[in-house]
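A.B. asks: Following is a predicted model, sequence given first.
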Amino acid sequence: MKQDSPRISNTVPVLVPTPSERPYTYAVPEGMAVEPGSIVAVPLGPRMVAGVVWDAESADKVDPKKLRAIEHLFDCPPVAPDMRRFVDWVARYTLSAPGMVARMVLRVPAAFDPEPSTPGLRKTEALPDRMTPARARVLDLASDSLGWTRSGLAHAAGVSLSVVDGLVKAGSFTEIELPPMPVVATPDPDYDAADLSGDQQAAADALRGQVAAEGFSATLLEGVTGSGKTEVYFEAIAAALEQGKQVLVLLPEIALTQTFLERFHGRFGAPPAEWHSDLAPKTREKVWRQIADGRVRVVAGARSALFLPFRELGLIVVDEEHDPAYKQEDRVFYHARDMAVVRAHIGGFPAILASATPSVETRFNAECGRYRHVRLDRRFAEAAMPELHAIDMRRTPPARGKFLSPPLLKAIGATLEKEQQSLLFLNRRGYAPLTLCRVCGHRFQCPDCSSWLVEHRFRGQLLCHHCGHHELVPEACPECGTLDHLVACGPGIERIAEEVVEAFPDARTIVLSSDMLGGVKRLRLELEAIEKGDVDIVIGTQLVAKGHNFPNMTLVGVVDADLGLANGDPRAAERTFQLLSQVTGRAGRTGKKSLGLIQTFQPEHPAMRAIVSGDAEAFYQNQIGERERGHLPPFGRLASIIVSANSRAEAENHGRALRAAAPAGEIMVLGPAEAPLALIRGRHRFRLLVHGPERANLQAFLRAMIGSAPRPRGSVRVSVDIDPQSFL
Ligand code: ADP
Ligand code: ZN
């Protein structure tokens, strides 16, 4: 490359965590050896921020007088080339600033410096002048010549610290630096492989084959709950570990997947490192750093784990690939399942998408050969699928003011008699979704959102599920002042629990939801208690639907199967099918005869029929047909634009301006229309929906549209959501 001025020859582009479209150029101080991927501290305005040295083609020319220098190069492995390409790719695809995507990689600044070593002790040949039994115990223990911490040694030998200190003084120990402790031990692919059934073995061989091929592939691993998908993809993980590769397993609710960690531990002799928002800060740092250093080989994590600094990633498994939790709808809007496939493509390795009820998109990709399709059609061993029935709520309605129909109550009673467990599922937290005054009709609404306040009776609060606003349940109506005439409308799980306790006062009943006091720890304990059989009736939200194995659970009752069908979402039927299949799949995991009862007002709805008949195939064909007719994904492309502002008029006007700026052509823009959730946290929201044919370049269209519309001013914000999952 021709260098025209020595003064600016030594500059590099640095991607900083800001919404800027391009990296900024910085000077490299003499003697500092940076390369693409180096993590550096740079001045940005008045602040110092961490950034990543980016690839040369992105460099901007900069006025030498304005050029600022890199302040510090962290002693940290550089962000790998694959990862840099991934960041650029995600930014382009989601129309996000690359810096905002890089920000997700740079989340843990404390991990950029190497982990400090721990002061330790190592035994020397020197013996102390005076020997005591305590001293002898310490010396005997430490004769393995490994390093010990001072307190670890005292503890292991059962002596006080002063005994150890005395030996140090006597010269029997030297002080050394111990390397940082690994967060997890190294998993061993040969530790304890399961005896797979014939089908399972065939599936495992197919997946192992993909890993052995050492190139990109995407495989849908489809099999009913309990068919052994986890056991099967463990074999793919073993194959990747044998090749010296790092592995990422994405799970939709990592905080609840204690069972997964234990099973992994059982199979590989060590647990995977966990990655999710609930980790202690110190653990977070250690995990991030040890992934970058290559010391952590397997990570089980939530969607954000895609942005961890792997060096040798060679396999990604996305478990429950259909789960809506994989979609991030904040700052950078991305779908972790889709981005996992992209990450695998860039890295040239396999991605495995596992599910009992795949998304229609993935199912179609597998059908048309874009993805491979590996299937497990039966439950493992003697476990049979539950027998499923719809309860027609028009024919057998519950008693007045109640929500459980006579057939469901009868089944709960029968299950109690057999000393087995029941699960009642309702995807609604709290006591009641709406509270109103019987006298004047006043409804309690969030002051900052267009949503009703949900009564949480255990806490004595009315709570907004969108912004967290809460107030005490008043005794009098704030509008008309009448005392004691507030009524709860509709059920939440707390209300169902009340009904259950009334009907079965001697049963041990528990309510499980994400707003249970005590957080994840408490939840884990409760789940263990259920597994051990200390509970008779569980009432829960979707939290209990996922991944758990309750051996004695033989009845699952779905309290309101129609709940998800009401909101006008194009994926409503698919979501209902997935959620209810997953919930009813909690029953009968160990061969006991089991039953799933689904309370519905529309037993003839295709989603209900598919669940009850078990004919998933027909359901998928029906859904794929509908998508094709509507030119919806995967037969067409969608993007949402959400315009929000402090006033309704500002949001609407900017929405109109965007619409007016849309280039002409085959891509259509619908809206702006007021969003169903018109107000969140005091911000008014309008939506535009962009709909194009499958081959359309939506990103180019959106860029042109946003680029030629006036810049958002004042409080106006524009978010783009490519492949939207939510339309609220
Ligand atoms: P899925 O992920 O498809 O729901 P799992 O892998 O969780 O299925 O398997 C369901 C249950 O059956 C688990 O308890 C698992 O340990 C057990 N299981 C499945 N396959 C085997 C096997 N080959 N050997 C022993 N246990 C198995
Ligand atoms: Zn609110």
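C.D. replies: Thanks, I have it. Residues are numbered from 1 along each chain as shown. Ligands and ions are numbered 1, 2, ... in the order given.

A.B. asks: Write out the residues of the stretch 201-350 of the chain neighbouring ligand 1.
C.D. replies: Gly223, Thr225, Gly226, Ser227, Gly228, Lys229, Thr230, Glu231 (C-beta under 6 Å from any ligand atom). Using the backbone N, CA and C atoms, a C-beta is placed for each residue, glycine as well.

A.B. asks: Please name the bridge partners of Leu313.
C.D. replies: Counting by DSSP bridges, Leu313 forms beta bridges with Gln246.

A.B. asks: Now do the contacts for it.
C.D. replies: Counting by C-beta atoms under 8 Å, 6 or more residues apart in numbering, Leu313 makes contact with Asp82, Lys245, Gln246, Val247, Leu248, Arg343, Gly347, Phe349.

A.B. asks: What does the pLDDT read for it?
C.D. replies: Looking at Leu313, its pLDDT reads 97.

A.B. asks: repeat for Ile496
C.D. replies: Looking at Ile496, its pLDDT stands at 95.

A.B. asks: Could you give the number of residues near it?
C.D. replies: Neighbours of Ile496 under the rule other C-beta atoms under 10 Å: 26.

A.B. asks: Pretty sure it sits against Lys402.
C.D. replies: No - if you go by C-beta atoms under 8 Å, Ile496 and Lys402 don't touch, sitting 9.5 Å apart.

A.B. asks: What about the residue of the chain most remote from its centre? Give its phi and psi, please.
C.D. replies: In terms of distance from the mean C-alpha position of the chain, Asp129 ranks first, at 60.2 Å (C-alpha atoms, centre = their mean). When read as degrees, to the nearest 10, the backbone of Asp129 gives phi -60, psi -40.

A.B. asks: Could you chop the protein up by domain?
C.D. replies: For the chain, automatic domain parsing gives the domain ranges 8-80+98-106, 118-171, 198-381, 383-428+491-625, 636-722.

A.B. asks: hmm, the fourth one touching ligand 1?
C.D. replies: Looking back up the chat, that one is domain 383-428+491-625. Yes - Domain 383-428+491-625 lies within reach of ligand 1 by C-beta under 6 Å from any ligand atom, at Asn549.

A.B. asks: same for the helix or strand Arg363 falls within, what does it pack against?
C.D. replies: For Arg363, the host element (DSSP states H and E) is helix 360-367. Packing contacts for helix 360-367, counted by 3 or more C-beta pairs under 8 Å, 6 or more residues apart in numbering; DSSP states H and E, involve strand 217-223, strand 372-376, helix 616-629.

A.B. asks: same thing but at 10 Å, please
C.D. replies: For helix 360-367, the elements it packs on are strand 217-223, helix 336-347, strand 350-355, strand 372-376, helix 572-584, helix 616-629, judged by 3 or more C-beta pairs under 10 Å, 6 or more residues apart in numbering; DSSP states H and E.

A.B. asks: and the host helix or strand of Phe686, is it in reach of ligand 2?
C.D. replies: Using DSSP H and E, Phe686 sits within strand 683-693. No - on the criterion C-beta under 5 Å from the ion, strand 683-693 is out of touch with ligand 2, staying 10.7 Å away.
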